[in-house]
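Engineer: Build me a model:
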Amino acid sequence: MKNITRFCCFLVIVLLFSSHELFLKIDSHFLKPNTTGLLYLFNGTFDTSENEITRDRIVDAKIKGPGYIFQPSESDYYDENNITYLKFTTGASGTYVAGISTLPKILEMDAKAFNAYLDHEGLENTIAERKEMKITGKGAKERYSKHVKALLQVGDLKSIDFMKPLNYPIEFVPLNNPFEINLGESVAFKLLRDGKPLADHIVHYSTSKPGVDAHENESSTKTNTNGIVVIKPTEVGKWYVATIHMEKKSDDEVDYESNWATLTFEIK
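Structural biologist: Okay, here's the model as predicted:
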């Protein structure tokens, strides 16, 4: 009975923190020029949104394409069924990048929850640091913010606009165009933290399957010494890459600060 109870507690913790991610999604990543589109924020998992993102937390939202930049106003957003929607109109044909960044929030956890969260997300450096400092028995207060991107193919013309950084605190910058590859070929990304490559860092990636949550089918890899990560999509559909960067804080109201990044795209 005790083992079952422990397992149930651990499962609750894992589900709680695996549903902490934010994704910028769209029904189809393939759009026509000069037409209306609708992006939406999933705050939870890749398949389920648990709550809306209030407008006072959204900063530096933008969509960039060839000769095109869209910076939304309040009237471009609306909320429905725990999802935040963003209306926009495409411009000329090309490969676009859309992004939204959020202001920080603070979350406090006891030691058990925090340690399980670190383990589930593969935050090896923080785990090792806590062991070295002998503070694994202590809870933690974490300041976190999320920075999400989506790639869009408008019309037939491919352009390099999707490769331009949005200058978020952390972000994936594609090095080749996923809308140009064939199934089974690789897509490469450079992971940037404050504009600099983030080396030897855990990255998760997955795609949705009918009846299976994408997180259950998630794979993990690491960036190389140049901050580059390469994945090979094995199925058509919508994909994501995701990561968390966490650092210890001193002389601050929090113990840790984390920045979360996701990027979504589609393979035909």
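Engineer: Could you use CA atoms for every contact and neighbour count after this?
Structural biologist: Fine.
Engineer: In which helix or strand does residue 128 reside?
Structural biologist: Taking DSSP states H and E as the definition, residue 128 sits inside helix 124-133.
Engineer: how about that helix: buried residues?
Structural biologist: Along helix 124-133, these residues count as buried under the neighbour rule (16 or more other Cα atoms under 10 Å): 126, 127, 130.
Engineer: what's the first-to-last distance across stretch 199-219?
Structural biologist: Here the two ends of stretch 199-219 are set 18 Å apart, with distance taken as Cα to Cα, to the nearest Å.
Engineer: Then stretch 188-201?
Structural biologist: This stretch, stretch 188-201, spans 14 Å end to end (Cα to Cα).
Engineer: what comes up buried for it?
Structural biologist: Those would be 188, 189, 190, 191, 192, 193, 197, 198, 199, 201, for stretch 188-201 by 16+ other Cα under 10 Å.
Engineer: quick one: contacts of it?
Structural biologist: 167-176, 222-231 (Cα atoms under 8 Å, 6 or more residues apart in numbering).
Engineer: quick revisit: pipe the buried residues of stretch 188-201 into CSV and attach pLDDT per row.
Structural biologist: Shown next, in CSV, are those (pLDDT from 0 to 100):
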residue, pLDDT
188, 98
189, 98
190, 98
191, 98
192, 98
193, 97
197, 98
198, 97
199, 97
201, 95
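Engineer: ok, and the closest residue in space to residue 160 that isn't next to it in sequence, which helix or strand is that part of?
Structural biologist: Using Cα to Cα, 6 or more residues apart in numbering and skipping residues adjacent in sequence, the residue nearest residue 160 is residue 95, 6.7 Å away. In the assignment (DSSP H and E), residue 95 maps to strand 94-102.
Engineer: on that earlier part again, tell me which other helices or strands the helix or strand immediately after the helix holding residue 128 in the chain touches.
Structural biologist: Using DSSP H and E, the helix or strand that follows helix 124-133 in sequence is strand 140-154. Helices and strands touching strand 140-154, by 3 or more Cα pairs under 8 Å, 6 or more residues apart in numbering; DSSP states H and E, are strand 21-26, strand 30-31, strand 94-102, strand 105-109, strand 170-174, strand 256-267.
Engineer: what about 7 Å?
Structural biologist: strand 21-26, strand 30-31, strand 94-102, strand 105-109, strand 256-267 (3 or more Cα pairs under 7 Å, 6 or more residues apart in numbering; DSSP states H and E).
Engineer: Redo these as CSV? Include mean pLDDT.
Structural biologist: As requested, those are exported to CSV (pLDDT from 0 to 100):
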stretch, mean pLDDT
strand 21-26, 97
strand 30-31, 98
strand 94-102, 98
strand 105-109, 94
strand 256-267, 97
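Engineer: I'd like the ones you listed as JSON lines, with mean neighbour count and distance to residue 70 appended.
Structural biologist: Formatted as JSON lines, the helices and strands packed on strand 140-154 follow (neighbours: other Cα atoms under 10 Å; distance: least, Cα to Cα, whole Å):
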{"stretch": "strand 21-26", "mean neighbour count": "24", "distance to residue 70": "16"}
{"stretch": "strand 30-31", "mean neighbour count": "18", "distance to residue 70": "16"}
{"stretch": "strand 94-102", "mean neighbour count": "25", "distance to residue 70": "9"}
{"stretch": "strand 105-109", "mean neighbour count": "13", "distance to residue 70": "26"}
{"stretch": "strand 256-267", "mean neighbour count": "22", "distance to residue 70": "18"}
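Engineer: closest one to residue 152 among these?
Structural biologist: Judged by Cα to Cα, the one of the helices and strands packed on strand 140-154 that comes nearest to residue 152 is strand 94-102, at 4.9 Å.
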